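**Q** Sequence first, then the predicted structure:
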Amino acid sequence: MTKARAYPKSKILAEKACWDFVAERKANGEETFELVTVLPSAVFGRTKISTKFSSGQMVWAILNGYYPGIDASIPACSVHEVSIAHLEAAKRPEAAGERFIVCTRMYTASDLIEVYRKEFEPLGYGPISSEIKHFRPENFDDLSPEEKETKEMLGVRYSVSREKSEKVLELKYDDDFDQILIDFAYSLIESGVIEDKRTTK
(Lines give C-alpha, C1' and ligand atoms only; values in the text may rest on other atoms or scores of the structure.)
Protein backbone atom coordinates (compact mmCIF):
# COMPACT_ATOMS: atom_id res chain seq x y z
CA MET A 1 0.00 0.00 0.00
CA THR A 2 2.82 2.44 0.74
CA LYS A 3 3.98 2.25 -2.91
CA ALA A 4 0.53 2.75 -4.44
CA ARG A 5 -0.08 5.88 -6.52
CA ALA A 6 -2.20 8.56 -4.87
CA TYR A 7 -5.32 8.13 -7.03
CA PRO A 8 -5.88 4.35 -6.62
CA LYS A 9 -4.65 4.49 -3.02
CA SER A 10 -7.29 7.11 -2.18
CA LYS A 11 -10.01 4.81 -3.49
CA ILE A 12 -8.73 1.83 -1.50
CA LEU A 13 -8.50 3.82 1.73
CA ALA A 14 -11.91 5.44 1.21
CA GLU A 15 -13.62 2.08 0.80
CA LYS A 16 -11.78 0.64 3.80
CA ALA A 17 -12.90 3.59 5.91
CA CYS A 18 -16.53 2.89 4.95
CA TRP A 19 -16.37 -0.76 5.94
CA ASP A 20 -14.50 0.07 9.17
CA PHE A 21 -17.12 2.69 10.09
CA VAL A 22 -20.02 0.26 9.66
CA ALA A 23 -18.18 -2.58 11.44
CA GLU A 24 -17.31 -0.35 14.41
CA ARG A 25 -20.87 0.86 14.88
CA LYS A 26 -22.21 -2.68 14.67
CA ALA A 27 -19.62 -3.87 17.22
CA ASN A 28 -20.71 -1.08 19.60
CA GLY A 29 -24.39 -1.86 19.15
CA GLU A 30 -25.00 1.50 17.47
CA GLU A 31 -27.45 2.15 14.66
CA THR A 32 -25.84 2.05 11.23
CA PHE A 33 -26.76 1.47 7.61
CA GLU A 34 -26.38 -1.28 5.05
CA LEU A 35 -23.29 -0.92 2.90
CA VAL A 36 -22.53 -2.26 -0.56
CA THR A 37 -19.64 -1.15 -2.75
CA VAL A 38 -19.29 -1.16 -6.53
CA LEU A 39 -15.70 -1.35 -7.71
CA PRO A 40 -15.40 -0.43 -11.37
CA SER A 41 -12.30 -1.10 -13.40
CA ALA A 42 -11.12 1.59 -15.86
CA VAL A 43 -14.37 3.25 -16.99
CA PHE A 44 -15.02 4.06 -20.65
CA GLY A 45 -18.11 5.14 -22.55
CA ARG A 46 -19.68 8.23 -24.04
CA THR A 47 -19.31 11.32 -21.88
CA LYS A 48 -20.14 15.03 -21.85
CA ILE A 49 -17.42 15.86 -19.31
CA SER A 50 -15.12 18.59 -20.64
CA THR A 51 -12.56 18.58 -17.84
CA LYS A 52 -9.68 16.21 -17.07
CA PHE A 53 -10.39 12.79 -15.59
CA SER A 54 -8.46 9.53 -15.40
CA SER A 55 -9.62 7.43 -18.35
CA GLY A 56 -10.13 10.54 -20.48
CA GLN A 57 -6.51 11.51 -19.89
CA MET A 58 -5.43 8.01 -20.86
CA VAL A 59 -7.21 8.25 -24.21
CA TRP A 60 -5.90 11.79 -24.76
CA ALA A 61 -2.37 10.46 -24.25
CA ILE A 62 -2.97 7.53 -26.60
CA LEU A 63 -4.37 9.66 -29.42
CA ASN A 64 -1.49 12.10 -29.09
CA GLY A 65 1.11 9.34 -29.16
CA TYR A 66 2.25 9.71 -25.54
CA TYR A 67 0.90 6.52 -23.98
CA PRO A 68 3.31 3.62 -24.46
CA GLY A 69 2.43 0.06 -25.31
CA ILE A 70 3.35 -1.94 -22.25
CA ASP A 71 3.16 -5.57 -21.24
CA ALA A 72 0.48 -5.08 -18.60
CA SER A 73 -3.19 -5.80 -17.92
CA ILE A 74 -5.86 -3.11 -18.13
CA PRO A 75 -9.35 -4.14 -16.94
CA ALA A 76 -12.10 -2.10 -18.56
CA CYS A 77 -15.84 -1.52 -18.17
CA SER A 78 -18.46 0.84 -19.56
CA VAL A 79 -20.04 3.74 -17.71
CA HIS A 80 -23.45 2.26 -18.51
CA GLU A 81 -22.58 -0.98 -16.72
CA VAL A 82 -21.29 0.93 -13.71
CA SER A 83 -24.51 2.96 -13.42
CA ILE A 84 -26.68 -0.18 -13.70
CA ALA A 85 -24.52 -1.93 -11.09
CA HIS A 86 -25.07 0.93 -8.62
CA LEU A 87 -28.82 0.88 -9.22
CA GLU A 88 -29.12 -2.90 -8.82
CA ALA A 89 -26.87 -2.91 -5.74
CA ALA A 90 -29.18 -0.38 -4.07
CA LYS A 91 -32.34 -2.27 -5.02
CA ARG A 92 -31.42 -5.86 -4.16
CA PRO A 93 -31.46 -6.96 -0.48
CA GLU A 94 -29.05 -9.81 -1.28
CA ALA A 95 -26.42 -7.24 -2.33
CA ALA A 96 -26.16 -5.75 1.17
CA GLY A 97 -22.75 -6.19 2.76
CA GLU A 98 -21.14 -7.24 -0.51
CA ARG A 99 -18.43 -5.87 -2.81
CA PHE A 100 -18.90 -6.06 -6.59
CA ILE A 101 -16.21 -5.71 -9.22
CA VAL A 102 -17.42 -4.38 -12.57
CA CYS A 103 -15.20 -5.47 -15.44
CA THR A 104 -16.29 -6.15 -19.01
CA ARG A 105 -13.00 -7.12 -20.58
CA MET A 106 -9.30 -7.44 -19.89
CA TYR A 107 -6.94 -5.72 -22.33
CA THR A 108 -3.22 -5.48 -22.52
CA ALA A 109 -2.14 -1.88 -22.96
CA SER A 110 -0.90 -2.72 -26.46
CA ASP A 111 -4.23 -4.28 -27.48
CA LEU A 112 -6.19 -1.29 -26.19
CA ILE A 113 -3.91 1.14 -27.99
CA GLU A 114 -4.25 -0.86 -31.20
CA VAL A 115 -8.04 -0.31 -31.16
CA TYR A 116 -7.43 3.44 -31.16
CA ARG A 117 -4.61 3.29 -33.71
CA LYS A 118 -6.79 1.60 -36.33
CA GLU A 119 -9.65 4.06 -35.88
CA PHE A 120 -7.90 7.37 -35.29
CA GLU A 121 -4.48 7.36 -36.91
CA PRO A 122 -6.10 7.65 -40.38
CA LEU A 123 -7.89 10.76 -39.08
CA GLY A 124 -4.63 12.56 -38.28
CA TYR A 125 -3.99 11.50 -34.70
CA GLY A 126 -0.72 10.15 -33.39
CA PRO A 127 1.51 8.61 -34.53
CA ILE A 128 0.00 5.96 -32.28
CA SER A 129 2.23 3.00 -31.54
CA SER A 130 1.04 -0.19 -29.84
CA GLU A 131 4.52 -1.65 -29.90
CA ILE A 132 5.50 -2.93 -26.48
CA LYS A 133 8.06 -0.62 -24.94
CA HIS A 134 10.73 -2.19 -22.77
CA PHE A 135 11.96 0.09 -20.01
CA ARG A 136 15.50 -0.12 -18.72
CA PRO A 137 16.78 1.52 -15.51
CA GLU A 138 19.41 3.48 -17.43
CA ASN A 139 16.88 5.31 -19.61
CA PHE A 140 14.27 6.02 -16.92
CA ASP A 141 15.19 9.72 -16.74
CA ASP A 142 14.39 10.08 -20.44
CA LEU A 143 10.83 8.78 -20.11
CA SER A 144 7.75 10.98 -20.41
CA PRO A 145 5.54 11.40 -17.31
CA GLU A 146 3.03 8.96 -18.85
CA GLU A 147 5.76 6.39 -19.39
CA LYS A 148 7.09 6.75 -15.87
CA GLU A 149 3.60 6.26 -14.45
CA THR A 150 3.07 3.05 -16.41
CA LYS A 151 6.51 1.60 -15.70
CA GLU A 152 5.30 0.07 -12.44
CA MET A 153 2.66 -1.89 -14.38
CA LEU A 154 5.21 -3.73 -16.52
CA GLY A 155 4.73 -7.46 -16.65
CA VAL A 156 1.74 -7.33 -14.30
CA ARG A 157 -0.86 -9.80 -15.55
CA TYR A 158 -4.00 -10.67 -13.64
CA SER A 159 -7.59 -11.68 -14.23
CA VAL A 160 -10.81 -10.23 -12.86
CA SER A 161 -13.98 -12.24 -12.29
CA ARG A 162 -17.33 -10.67 -13.12
CA GLU A 163 -19.25 -13.76 -11.98
CA LYS A 164 -20.50 -12.20 -8.74
CA SER A 165 -21.92 -9.10 -10.43
CA GLU A 166 -23.60 -11.27 -13.07
CA LYS A 167 -25.10 -13.64 -10.49
CA VAL A 168 -26.22 -11.27 -7.72
CA LEU A 169 -26.85 -8.04 -9.66
CA GLU A 170 -27.79 -9.85 -12.90
CA LEU A 171 -25.52 -7.42 -14.72
CA LYS A 172 -25.46 -7.89 -18.50
CA TYR A 173 -22.14 -6.99 -20.04
CA ASP A 174 -21.66 -5.60 -23.56
CA ASP A 175 -18.92 -7.70 -25.09
CA ASP A 176 -18.49 -5.42 -28.13
CA PHE A 177 -16.14 -3.32 -26.05
CA ASP A 178 -13.91 -2.09 -28.87
CA GLN A 179 -16.82 0.01 -30.09
CA ILE A 180 -17.36 1.42 -26.59
CA LEU A 181 -13.71 2.51 -26.55
CA ILE A 182 -14.09 4.19 -29.94
CA ASP A 183 -17.36 5.94 -29.02
CA PHE A 184 -15.70 7.19 -25.83
CA ALA A 185 -12.89 8.82 -27.80
CA TYR A 186 -15.31 10.50 -30.20
CA SER A 187 -17.28 11.91 -27.26
CA LEU A 188 -14.04 13.32 -25.82
CA ILE A 189 -13.41 15.02 -29.15
CA GLU A 190 -16.96 16.40 -29.20
CA SER A 191 -16.63 17.75 -25.64
CA GLY A 192 -13.28 19.41 -26.40
CA VAL A 193 -11.08 17.25 -24.15
CA ILE A 194 -9.26 16.03 -27.27
CA GLU A 195 -8.54 18.33 -30.23
CA ASP A 196 -10.72 17.66 -33.24
CA LYS A 197 -8.19 16.90 -35.94
CA ARG A 198 -10.79 15.51 -38.32
CA THR A 199 -11.51 18.96 -39.69
CA THR A 200 -7.96 20.32 -39.55
CA LYS A 201 -6.22 17.40 -41.23
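**A** Great, that's in hand.

**Q** Give the other helices and strands that the top helix by length along the chain contacts.
**A** In terms of residue count, the longest helix belonging to the chain (DSSP state H) is helix 6-27. Under the contact definition 3 or more CB pairs under 8 Å, 6 or more residues apart in numbering; DSSP states H and E, helix 6-27 sits against strand 37-40. Where C-beta positions appear, they are placed from N, C-alpha and C, glycine not excepted.

**Q** got a list of contacts for the strand it packs on?
**A** 15, 18-19, 77, 81-82, 85-86, 89, 98-103 (CB atoms under 8 Å, 6 or more residues apart in numbering).

**Q** Next: stretch 169-184.
**A** 44-47, 55, 59, 76-78, 80-81, 84-85, 88-89, 92, 95, 100, 102, 104-105, 112, 115-116, 119, 162, 165-166.

**Q** Straight-line length of it, end to end?
**A** For stretch 169-184, the separation between the terminal residues is 25 Å (CA to CA, to the nearest Å).

**Q** Then stretch 42-52?
**A** For stretch 42-52, the end-to-end distance is 15 Å (CA to CA).

**Q** who's in contact with residue 120?
**A** If you count contacts by CB under 8 Å, 6+ apart, residue 120 has them with 63, 126, 128, 185.

**Q** Between all of those, which two are separated the most?
**A** Maximum pairwise distance in these, criterion CB to CB, is 12.3 Å, between 126 and 185.

**Q** Need the overlap of contacts for the two.
**A** Common contacts of residue 126 and residue 185 (CB under 8 Å, 6+ apart): 63, 120.

**Q** Whichever of the contacts of strand 37-40 count as buried, I'd like them selected in PyMOL; how would that read?
**A** To isolate the buried ones among the contacts of strand 37-40 in PyMOL, judged by 16 or more other CB atoms under 10 Å, type:
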select buried, resi 77+81+82+85+86+89+98+100+101+102+103
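
**Q** Just the pLDDT for residue 141.
**A** Reading off the confidence values, residue 141 has pLDDT 61.
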